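Asker: How does the following fold in three dimensions:
(2 chains)
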Protein chains: 2
Amino acid sequence: MTQKPPPPDIVIGRLPIYLRALDALRQENSEITSSYELGERLGISSAQIRKDLSHFGDFGKQGTGYHIPYLIEQIQQILKLNHRWAVVIVGAGHVGLALANYRDFNQYGFDIVGIFDTDPAKIGTEINGIAVQHESRMVDEVQRHKVRIAMIATPAAAAQPSADKLVAAGVKAILSYAPITLNLPPDVKVQYIDPVARLQHMTYYIQE
Amino acid sequence: MTQKPPPPDIVIGRLPIYLRALDALRQENSEITSSYELGERLGISSAQIRKDLSHFGDFGKQGTGYHIPYLIEQIQQILKLNHRWAVVIVGAGHVGLALANYRDFNQYGFDIVGIFDTDPAKIGTEINGIAVQHESRMVDEVQRHKVRIAMIATPAAAAQPSADKLVAAGVKAILSYAPITLNLPPDVKVQYIDPVARLQHMTYYIQE
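Answerer: Numbering: from 1, shown residues only, chains lettered A, B, ... in the order given. Predicted structure coming up:
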């Protein structure tokens, strides 16, 4: 018996991109698509798309393309998006505020169940219908809602202590906007959003 | 004469991360570091760091490590960060507001010189000292300030038309927060920030 190797992380990272494109196609009332059409939209080669999807099964017939609603459902299942996820936001500054007001989380199955800060002036204020709570309430709330996902939007110095508390309370995935690398146990996933680093990546290519 | 192949894009993308870590070390008054210390901080192997840096030259002596201010200067030069860059923001919603208020842009050499929107209620309001202007002013302002970098924080439907105008006005790098893939000429770099896709990437790994 041979066991298939696990799909590379970079492939997992492209599945949400495919999902976005499939969703857009569905909203345009398409029912069938091809790796060529998806590739065209995404600037990815059709061969890459076919290869990526082949890690998870056989989702289309040669020559007839992919059935969009079916492929959406399959990718959602692979990414465990067939149920809703509770999420907390740490930090109610400008970034936390933007995150709390971002409609796509709710639309794509992520429910913001708590926002935490340490600034007394912010505690009790409402953002998008959710009251900001003191960070001392965070561990209890994460446990009560069985939260597995957190977004950190604190200043750099507060990010590691917040992450430690979140992990101790059961969080398994962190999306961090703080510009530092977090030190986390191996079973906790982390992704960073750092717009400065993204700009610095692109300036390399600008011909002056 | 053999010519070195250009460094892979993924290596360019790691340089800003190294820069962040080096900057943190400098702020802690360190003067010398090693690929081991950097690797420890960043969760990247020291061999990877040495290999990445070797694409650009020889920045440290065997056994003595890297001189931090010198390495910072070298990476800044590679990434063309040895002068300031003018940047515009398109969209003055929650994300545009968070971007305009984000202090690190200024600190790392990016000057926000314009914020544009189409909502009459927003035109003329000030965000972090910059007046929001009507989008019809955008092309003129981009040309006047010789802006090469833009951040798009519009709804999905407005992103492509905005990108087309920015590119026509001379923009060469776009950081887009709109959840669609932009269609751009090959000499224009684009990066996407999509927190939903990042969460969907991580849910794959969460054991329930």
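
Asker: Would you point out the helix or strand in chain A whose mean pLDDT is lowest?
Answerer: Least confident helix or strand, chain A: strand A:60-61 with a mean of 74, by mean pLDDT, DSSP states H and E.

Asker: For the following helix or strand past it, give me every contacting residue.
Answerer: Next helix or strand after strand A:60-61 toward the C-terminus (DSSP states H and E): strand A:65-67. Contacts to strand A:65-67, defined as CB atoms under 8 Å, 6 or more residues apart in numbering or on different chains, come from residues A:31-35, A:37, A:59-60. The C-beta positions use only the backbone N, C-alpha and C, and glycine is treated the same way.

Asker: Make sure A:Ala92 is indeed in a strand.
Answerer: No: A:Ala92 sits outside any strand when classified using DSSP: H, G, I helix; E, B strand; the rest coil, being coil.

Asker: how close does the closest residue to it other than its chain neighbours sit to A:Pro179?
Answerer: The spatial neighbour of A:Ala92 that comes closest, neighbours along the chain excluded (CB to CB, 6 or more residues apart in numbering or on different chains), is A:Asp117 at 4.0 Å. To A:Pro179, A:Asp117 is 18 Å away according to CB to CB, to the nearest Å.

Asker: Distance check, the closest residue to A:Asp52 other than its chain neighbours against B:His145.
Answerer: Once flanking residues are discounted, A:Asp52 sits nearest to A:Val11: 4.8 Å by CB to CB, 6+ apart. Look at A:Val11 and B:His145: by CB to CB, they are 41 Å apart.

Asker: start to end distance for stretch A:103-123?
Answerer: Distance between the two ends of stretch A:103-123: 22 Å, counting by CA to CA, to the nearest Å.

Asker: dump the residue contacts of A:Leu99.
Answerer: So A:Leu99 contacts A:89, A:105, A:112, A:151, A:153, B:195 (CB under 8 Å, 6+ apart).

Asker: quick one: which two of these are the most distant?
Answerer: Taking CB to CB, the two most distant members of these are A:Phe105 and A:Ala153; they sit 13.3 Å apart.

Asker: neighbour-wise, which of the two wins?
Answerer: A count of neighbours by other CB atoms under 10 Å in any protein chain shown puts A:Ala153 above the other of A:Phe105 and A:Ala153, at 28 against 21.

Asker: The more buried one against A:Gly93, yeah?
Answerer: Yes: under the criterion of CB atoms under 8 Å, A:Ala153 makes contact with A:Gly93 at 6.4 Å.

Asker: mind listing the strands for chain A?
Answerer: For chain A, the strands defined by DSSP state E occupy A:32-33, A:60-61, A:65-67, A:85-90, A:110-117, A:126-127, A:130-134, A:149-152, A:173-176, A:189-192.

Asker: Would you mind listing where chain A has pLDDT under the threshold?
Answerer: Low-confidence segments of chain A, defined by pLDDT under 70: A:1-2, A:62.

Asker: Setting the sequence-adjacent residues aside, check what's closest to the residue most central in space within it.
Answerer: For chain A, A:Leu175 is the residue whose C-alpha lies nearest the centre (CA atoms, centre = their mean; 7.3 Å). The shortest distance from A:Leu175 to any non-neighbouring residue, by CB to CB, 6+ apart, is to A:Met151 (4.6 Å).

Asker: residues near that neighbour, how many?
Answerer: The burial count for A:Met151: 28, using other CB under 10 Å.

Asker: what does the biggest helix by length in chain A contact?
Answerer: Assignment by DSSP state H gives helix A:9-27 as the longest helix of chain A. The contact list for helix A:9-27, computed with CB under 8 Å, 6+ apart, reads A:33, A:37-38, A:41-42, A:44, A:49, A:52-53, A:55, A:68-69, A:71-72, A:75-76, A:78-79, A:81, B:179-181, B:194, B:196-198, B:200-201, B:204-205.

Asker: How far off centre is it?
Answerer: 12 Å (CA atoms, centre = their mean, to the nearest Å).
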